[in-house]
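**Student:** Mind folding the following:
(2 chains)
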Amino acid sequence: MSSTLMKTSLSRSLVVHILLSVACIVATFPIFRVIAISFRNTDTVSASSQTSFPAPGQASFDDYIHFYTDAILPKELLTALKAPAKPTAQLATPKTDEAAPAAPKSDDPFAELDAASEQKSERTWYSNYTDLFTKHLFLQWIYNSLIISLSASLIGIILAATAAYAFSRFEFPGKKLASGFLFMSQMIPGPLMIIPVYLVIKSLNLGNTYAGLVVAMSVTILPFSIMVLKGYFDTVPKSLEEAARVDGCTAASAFFRILLPLSTPALAIAFLFAFTNAWSEFLLASTLIDNVELRPWTLGLMEFSGSYDARWGLFAAGSVVIALPTMSLFLYSSKYVISGLTVGGVKG
Amino acid sequence: MHVNITPALIELCKLSGILLLILGLAYGYLWLNYKLWSFRLYLLCKIMLGVSLGLTLKSAGSSWLTAGFAICIPILVGCYFRFFLKGRYHTASYFLAPAVMGIVLLFLYPLCYEFYLSFHDLNLNTFSGWIQEGKAPLAGAFGLENYVEVFQNRATGQSFFIVFLRTILWTAINLFFHVGLGLGLALLLNTPNLKGRALYRTILTLPWVVPQVIAVLVWRADFNESVGFINQFIQVTNQLCSFEFAGQTIAPLTWIGFQTQSWFLNPNALFAAACIVNIWLGVPFMMINALGALQSIPQSVYEAAAIDGAKPFQRFLHITLPLLKPVMVPAAMLGAIWTFNNLNVIFLMTDGGRYEGADILVTDLFKQSFTYYRYGFAAAYSFVIFAILCLFTFLQSRVGKEKPAAKKRPPLADGAKSSGVPLSTPLRSTGA
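**Tutor:** Numbers count the residues shown, from 1 in each chain, chains lettered A, B, ... in the order given. The predicted structure is shown next:
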């Protein structure tokens, strides 16, 4: 059979494996980086500062190995796991080196304050994570995002499903115009809508509230969800509903009892898309929300990574906390998501 | 560890109450219209209703746009019921009504609003007047000055065509690498009898799965001049791998174009960095699309070709590529639109527009409205971008329609059909 015709030689499969491994390293490199940074007890991104690497000719092979592994492995976590008794003692050494040149400059009025704040916060490998939840409103931000994106995508999907049913099953005057509008709306540049939506939400007196953000987001994701769901509804045979109609179902109950249960996968896809869209949304949120307590996590992380006072340790820890659940959710459903996207979104 | 849970829940209860109320009103409105459409005075009543509503709003101090919208909506609804629906299509309109309400209020109305703004000179000077009295001076003589300024007077100091060309370059580079690398990886993954395929595929999907904001910010941290990993990596790897050749020290990474530099201050480097990040983000989408299409090509087609004496390269050229086309062309088209309109990557890489010189149209638009507060100008600008995008899509769909007819291969018609199968039963097409 095929195995005789398409035999792969050993060398060829070796090449394939090597190429794929390289691709895998490139694909996962920033993920390992962010995990590694999140366990650093300093706020820098790098393990070793630029000058500390030995000059050419002096660097041993070990130095190189250390450089590459330090970049992607959470060193502090590993040492803490190996010797849980004294993680702080190891970590204290680089800190004193850094602090030493700063101490003699006593004419700096803030030196004492700096030193005090340095001493007070004894940092361990997990202190970025604890800081995130104790010193910042990170949990509140996650909660906000969760509430906003869940309700926005729920409302969006309910509206989209009914509209997609009408588009898929019924003829009505102006249908072509409406589907053309839906397709065109994919091309509208994002910032276009922000100012007028902001003004509308303000005039509805919903500025700086969850409700305003929810309403705005659920409508923003509507066109895309309608297209995905319509694409799927078109593939469900019409005869199923017709049979139900013959048996005395109304159109509405045929929709709710026959079509919706049959298209749970597509609904899940559309929901997931709407959810992730709202989950990582920051443009609308940054214009509609001023209150720190109402922020979604995107704005919080962006604040941590600002260019003038970046706190990369906090940022990395926050990213890990956000990304791990999102990634596992997506990996679990990725094959459904992508195929559903191609069938609905593209074929329109 | 302090979380305020109750305010959100209370607000959501309120929100759902409002939504239900609106839904009820919408259905009542629909029902009433279906009852009344055939009366002789129906249209007249609608016109009077619209005009009175509009005038009330106008006297209450809203802009002409809002008043005009209020006048038009009842009249349009009346005309639609009278001349198009004629009492039919009950079910369809009941199903459509909620979505249409949302879209009209928060999509169509803002769109008209923006269009209206694009003819007015709205900036920080005139903004308070706009909010209080709903008035802003017309831009130029016919209100077209904003559209002229898009091509001439720009606060960023970069001409429209430079930014436009950069956007084209951005889209082209990204699309080329997305499709090329994605197809390459998919072909590698599709090697027969590959061990650990599921694992490789899962790992390679990861960049698509990470929230985009996080991925871009992590990359930005690594592109940092002094503390980022990229510069150190270039330095150390050059040191490790450099060798003497013809009297010169050749550092491999520098030789292929990478060097340690301040990535954010040099516009070209910033643009390159943004491209790298976006390529990293976008390859998995194309890869999984291509893999799904590849796996749906039946092995028997290849076997038949092999028996007929086709070399591997010929099989790729004449079987794989044509059968990939129906999946990859729409995916690439979608990818092109997404890349063209991709605000996130460049916006976050330039730290919200703080670093200049790598803006594409969308981020430039954002900067014009939120850094320079030229709202009227930005409105005109956004419609110019929208028009460009529509033109591109139109041309692309024309080209896409003509090609398959010209390149039809009769012997493969059967195979092409079988590649269409997974599209109609989508949920199995990418199963391992």
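**Student:** What strand or helix carries the residue lying closest to residue A:179 once chain neighbours are set aside?
**Tutor:** Nearest in space to residue A:179, with sequence neighbours left out and distances taken as CB to CB, 6 or more residues apart in numbering or on different chains, is residue A:167 at 6.5 Å. Every C-beta, even on glycine, is put in place using the N, C-alpha and C of the backbone. Using DSSP states H and E, residue A:167 falls within helix A:138-169.
**Student:** How far off centre is that helix?
**Tutor:** 17 Å (CA atoms, centre = their mean, to the nearest Å).
**Student:** in the stretch 251-400 of chain B, which spans are helices?
**Tutor:** Assigned by DSSP state H, counting those that start in this stretch, the helices in the stretch 251-400 of chain B fall at B:252-255, B:267-295, B:299-307, B:312-315, B:321-340, B:344-349, B:361-370, B:375-406.
**Student:** Reformat the ones you listed into JSON lines and put mean neighbour count, distance to residue B:24 and mean pLDDT next to each item.
**Tutor:** Listed next are the helices of the stretch 251-400 of chain B as JSON lines, based on neighbours: other CB atoms under 10 Å in any protein chain shown; distance: least, CB to CB, whole Å; pLDDT from 0 to 100:
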{"stretch": "helix B:252-255", "mean neighbour count": "15", "distance to residue B:24": "66", "mean pLDDT": "70"}
{"stretch": "helix B:267-295", "mean neighbour count": "22", "distance to residue B:24": "41", "mean pLDDT": "89"}
{"stretch": "helix B:299-307", "mean neighbour count": "15", "distance to residue B:24": "57", "mean pLDDT": "85"}
{"stretch": "helix B:312-315", "mean neighbour count": "12", "distance to residue B:24": "62", "mean pLDDT": "84"}
{"stretch": "helix B:321-340", "mean neighbour count": "19", "distance to residue B:24": "38", "mean pLDDT": "84"}
{"stretch": "helix B:344-349", "mean neighbour count": "25", "distance to residue B:24": "38", "mean pLDDT": "88"}
{"stretch": "helix B:361-370", "mean neighbour count": "24", "distance to residue B:24": "37", "mean pLDDT": "86"}
{"stretch": "helix B:375-406", "mean neighbour count": "17", "distance to residue B:24": "35", "mean pLDDT": "78"}
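**Student:** Pull up the gap between the residue positioned nearest the centre of chain B and chain A, please.
**Tutor:** With distances taken as CA atoms, centre = their mean, the residue of chain B nearest its centroid is residue B:338 (3.5 Å). From residue B:338 over to chain A the distance is 9 Å, taken as CB to the nearest CB, to the nearest Å.
**Student:** next one: residue B:277
**Tutor:** Counting by CB to the nearest CB, the gap from residue B:277 to chain A is 9 Å.
**Student:** My read is that that residue contacts residue B:345, right?
**Tutor:** Yes: taking CB atoms under 8 Å as the definition, residue B:277 is a contact partner of residue B:345 at 5.7 Å.
**Student:** Name the residues contacting each of these two.
**Tutor:** Common neighbours of residue B:277 and residue B:345, counting by CB atoms under 8 Å, 6 or more residues apart in numbering or on different chains, are residue B:216.
**Student:** Tell me how many other residues crowd whatever residue of the stretch 101-250 of chain B ends up closest to chain A.
**Tutor:** The stretch 101-250 of chain B approaches chain A most closely through residue B:110 (3.4 Å), counting by CB to the nearest CB. Per other CB atoms under 10 Å in any protein chain shown, the neighbour tally for residue B:110 reads 23.
**Student:** That one: what's its closest spatial neighbour, skipping adjacent residues?
**Tutor:** Nearest non-adjacent residue to residue B:110 (CB to CB, 6+ apart): residue A:196, at 3.4 Å.
**Student:** cool, residue B:46 as well?
**Tutor:** Residue B:46's closest residue in space is residue B:78 (CB to CB, 6+ apart), at 3.2 Å.
**Student:** Which pLDDT value belongs to that neighbour?
**Tutor:** Note on residue B:78: pLDDT of 80.
**Student:** Check the secondary structure at it for me.
**Tutor:** helix (DSSP: H, G, I helix; E, B strand; the rest coil).
**Student:** my guess is it meets residue B:42, correct?
**Tutor:** Yes: judged on CB under 8 Å, residue B:78 makes contact with residue B:42 at a distance of 6.5 Å.
**Student:** Which one of the two is surrounded by more residues?
**Tutor:** Per other CB under 10 Å, whichever of residue B:78 and residue B:42 has more neighbours is residue B:78, with 21 against 15.
**Student:** what about residue A:186, how many neighbours?
**Tutor:** The burial count for residue A:186: 17, using other CB under 10 Å.
**Student:** how much space between it and chain B?
**Tutor:** Taken as CB to the nearest CB, the span from residue A:186 to chain B is 6 Å.
**Student:** wait, what's in contact with that residue?
**Tutor:** A:223-224, A:227, B:337.
**Student:** Residue B:296 and chain A: what is the separation?
**Tutor:** 10 Å.
**Student:** touching chain B at all, the host helix or strand of residue A:302?
**Tutor:** Assigned by DSSP H and E, residue A:302 falls within helix A:297-304. Yes: with CB under 8 Å from any CB of the partner chain as the criterion, chain B is reached by helix A:297-304 at A:298, A:301-302.
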